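Peer 1: Below are the sequence and a predicted model; questions follow.
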Amino acid sequence: MNGSICRLCDIECGETARVLSLSDENLLKERLSDLGFTEGTVVECIMKSPLGDPTAFLIRGAVIALRRDNSKHIAVEVMS
């Protein structure tokens, strides 16, 4: 999936992606920005729960767990 554009919830463990954009929902966009999900930020998927929700991401040196309902609002470009 290298170079492809998808939602953050669709990347696999071990893949790295660059944030392209966030949803237009103001409250969600503000919350995700506060967590570090801003345009151009590199995010790595490091772990998925056994049922796939939530997923843990490494972002700016911190591990953040997001539910699919939130991570589907983040558009990313897969890097590796």
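Peer 2: All right, it came through fine.
Peer 1: ok, which stretches of this protein are helices?
Peer 2: For the chain, the helices defined by DSSP state H cover 26-34, 68-71.
Peer 1: right, so these: which one is the most enclosed?
Peer 2: helix 68-71 (a mean of 17; mean count of other Cβ atoms under 10 Å). (C-beta placed from N, C-alpha, C; glycine too.)
Peer 1: ok now that helix, how far from the chain's centre?
Peer 2: Put simply, helix 68-71 sits 9 Å off its chain's centre (Cα atoms, centre = their mean, to the nearest Å).
Peer 1: Run through the neighbouring helices and strands of that helix.
Peer 2: Contact here means 3 or more Cβ pairs under 8 Å, 6 or more residues apart in numbering; DSSP states H and E; on that basis helix 68-71 packs against helix 26-34, strand 55-59.
Peer 1: Could I get the CA-only coordinates of the longest one as CSV?
Peer 2: Right, the one you point to is helix 26-34. Listed next in CSV are the C-alpha coordinates belonging to helix 26-34 (Å, rounded to 0.1, in the frame of the first residue of the first chain):
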residue,chain,number,x,y,z
ASN,A,26,-15.1,20.8,14.6
LEU,A,27,-15.1,19.1,18.0
LEU,A,28,-13.4,15.9,16.6
LYS,A,29,-10.9,17.9,14.6
GLU,A,30,-9.9,19.9,17.6
ARG,A,31,-9.5,16.8,19.8
LEU,A,32,-7.4,15.0,17.2
SER,A,33,-5.2,18.1,16.7
ASP,A,34,-4.7,18.3,20.5
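Peer 1: tell me the mean pLDDT over it?
Peer 2: For helix 26-34, mean pLDDT is 88.
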